[in-house]
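Colleague: Predicted structure and sequence below. I'll ask about it afterward.
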Amino acid sequence: MDKYEALKTYFGYDSFRPGQEALVDAILQKKDAFGIMPTGAGKSLCYQVPALLLSGITLVVSPLISLMQDQVRALIAAGVPAAYFNSSLTLRQYRRALENAVHGQYKIIYVAPERLLTANFLDFTARVEISLVAVDEAHCVSQWGQDFRPSYLMIPTFLEKLPHRPPVAAFTATATEAVQKDVVSLLKLRAPVQVVTGFDRQNLFYEVRRPDRKKDELLHVLSSFSKTDSGIVYCATRSTVEEICSFLTEQGISAAPYHAGLPQETRSANQQAFLFDRVRVIVATNAFGMGIDKPDVRFVIHYNMPKDLESYYQEAGRAGRDGMPAQCILFYDARDLHLNRFFISVSHNQDDADAPLDEEAQERLRARDYARLSKMTGYCMTDGCLRHYILQYFGEESPLSCQNCGNCKRRGREKDMTVDAQKILSCVKRTGERFGTAIIAEVLHGSKTARLERMGLTRNRTYGLLKDLTIPEIRARIERLLVLGCLTRTDSDYPILQLGPHARGVLFENEKVFFYEERRRKRASREGANAQPAENGELFESLRALRAKIAKKQSVPAYVVFTDATLHALCERLPQTRQALLQVPGMGERKLARYGDAFLACIRAYCEKHPQPAAGSS
């Protein structure tokens, strides 16, 4: 069997996606490899295909139990012998799995990084042939990454203890240039074949909304999707997760919470309910996460702004992994900024048992986090193309307009706010560049507070200059000036506003400043939503029902049987022979043997009811 036969037989694809084949070839040539590919681009196949062709076992270092379980479940359904070693196994199960592995029953084994240097695992690796070590979510090795895991630093030590160092392949979806350098250095990759396919996910529609009432806006967004569409709502805190989940449930929307404060059994049960489509929406902190493989997530909504673009892009990237259209919508207000600043101010403490840091290192990491938060805020306030903003952040060139984000398709209007901008800049200057956003907004609004009176700010010449605007409206204009470089904000626990490099042009050189005003939506946008074709909609629902029946019988999520993308392809092609069915993407020989006859019967019944030329029937 060669790489193409393995790809078709087990995974149902006739060709590799961009970047995959170069990484597969490197691994088969026993070279180290490093793949930076966006979520949904098929990183897993880059090591799974070689694993089937190499003589020994492939170890996959993976950070989360849920990720391992999803991957192994899908591999077994495709006919690939696989297993995972992590804390979810009892001691008896773990020993049994090790014994099975020693006797050659698995080709791919997923393992948590914390388990690598345990005595029994090292003893196991000394008794078998390890042909490849793949490191998933490789950005976890870097302190400059958003998900630093000190246990990932154990990987090079583990490799040194193996009787023979196999090729090492690292993979990640989100890695800035600094993180990429760290991955190569800290994992001690040897002249790796490096493939960067780009960070763009063209099927995702990005949008930032600044609603006055977030709960109402959330209901508007959810109402724009089919009641069978599933999605994730991310919140910044556990209490917000509980509040929003209760709110959605009261509104008749099937939802479950997920955060680190819940018992492990509850978290697992809620995650399984989401994966198995027993609940439509999972409301979660970023504890719900990394590597979740559910491919048919049609929307990811951030109820609060994340702390950095790396986190946002990874979390938003859990939408549309099947390649079908999906929406990524972020709700923003200034309180999110203050909450994230608070989180940063108390982060990286010396008493962190997992990774104790000296005071200098703590300050360095906080400064890094403040700078990242500034970029994240810029994303929320920019009037430019959101996709361009993201790709530019990751160092990738892109057009200035994508025509597939909320800003490129916006329905609002630009307003000349030059006079307002001059008043704001004048206030910052006349108050000595000593105050943050909250004080400046209160001064301009003319707030009657003891704090302003005590500091003498009610006597400032700029006091009340924007009294006709609300505090949130003034703050929004301040954020716009920050994005434009007319203002800067110090990176500290108590950030101060100061004039930026472009302030002079606005104050003295008649440069104009425009502010984007949103019009209130009567109904949430359907841009980028799961647009099921009108034709064959009846067949799609029939196939979906058949898939659900099979999945329930086998106790697996529906997408393990077939993804929505495969069902849509069946509706489009209407195959009526086993040979024609095998040509459908996602239909490997194993799945053809297990499910082919049932799905053919469903398609034939539809075609008899709706006579039409059927592709592939000859």
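Modeller: Arrived safely.
Colleague: Please count neighbours and contacts with C-alpha atoms only from this point.
Modeller: Noted.
Colleague: Quick check on the spatially most distant residue from the centre of the chain: phi, psi?
Modeller: Most distant residue from the mean C-alpha position of the chain: residue 459, 48.6 Å away (C-alpha atoms, centre = their mean). Per-residue torsions, residue 459: phi -100, psi 0 (degrees, to the nearest 10).
Colleague: In contact with it: list those residues for me.
Modeller: Not one residue lies near residue 459 by C-alpha atoms under 8 Å, 6 or more residues apart in numbering.
Colleague: okay, and for the stretch 351-500 of the chain, where does confidence drop off?
Modeller: Along the stretch 351-500 of the chain, the model assigns pLDDT under 70 to residues 351-357, 411-413, 493.
Colleague: Where do the helices of it begin and end?
Modeller: Along the stretch 351-500 of the chain, counting by DSSP state H, counting those that start in this stretch, helices occupy 359-381, 386-393, 418-430, 437-445, 450-454, 471-484.
Colleague: Over to the stretch 51-200 of the chain?
Modeller: Under DSSP H, counting those that start in this stretch, the stretch 51-200 of the chain gives helices at 65-77, 91-102, 119-127, 155-161, 177-186.
Colleague: want to throw those into TSV with distance to residue 230 and mean pLDDT?
Modeller: Listed next are the helices of the stretch 51-200 of the chain as TSV, based on distance: least, C-alpha to C-alpha, whole Å; pLDDT from 0 to 100:
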stretch	distance to residue 230	mean pLDDT
helix 65-77	17	85
helix 91-102	33	89
helix 119-127	38	92
helix 155-161	36	95
helix 177-186	32	90
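Colleague: Kindly compare burial across those and name the winner.
Modeller: Most buried of the helices of the stretch 51-200 of the chain by mean neighbour count (mean count of other C-alpha atoms under 10 Å) is helix 65-77; its value is a mean of 19.
Colleague: Mind giving me the packing neighbours of it?
Modeller: strand 82-85, strand 108-111, helix 558-561 (3 or more C-alpha pairs under 8 Å, 6 or more residues apart in numbering; DSSP states H and E).
Colleague: which stretch among those comes nearest residue 212?
Modeller: Proximity to residue 212, assessed across those by C-alpha to C-alpha, is greatest for helix 558-561 (36.9 Å).
Colleague: packing partners for that closest one?
Modeller: Secondary elements touching helix 558-561 (3+ C-alpha pairs under 8 Å, 6+ apart): helix 65-77, helix 537-554.
Colleague: Could you dump these into a markdown table and include distance to residue 155?
Modeller: Converted to a markdown table, these look like this (distance: least, C-alpha to C-alpha, whole Å):
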| stretch | distance to residue 155 |
| --- | --- |
| helix 65-77 | 17 |
| helix 537-554 | 36 |
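Colleague: Select, out of those, the one closest to residue 117.
Modeller: Of all the helices and strands packed on helix 558-561, helix 65-77 comes closest under C-alpha to C-alpha, at 17.8 Å.
Colleague: angle of the closest one against helix 537-554?
Modeller: 100 degrees (axes from the mean of the first three to the mean of the last three C-alpha atoms, to 10 degrees).
Colleague: got CSV for the helices and strands packed on helix 65-77, with mean pLDDT too?
Modeller: Formatted as CSV, these follow (pLDDT from 0 to 100):
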stretch, mean pLDDT
strand 82-85, 92
strand 108-111, 95
helix 558-561, 90
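Colleague: Lovely, talk soon.
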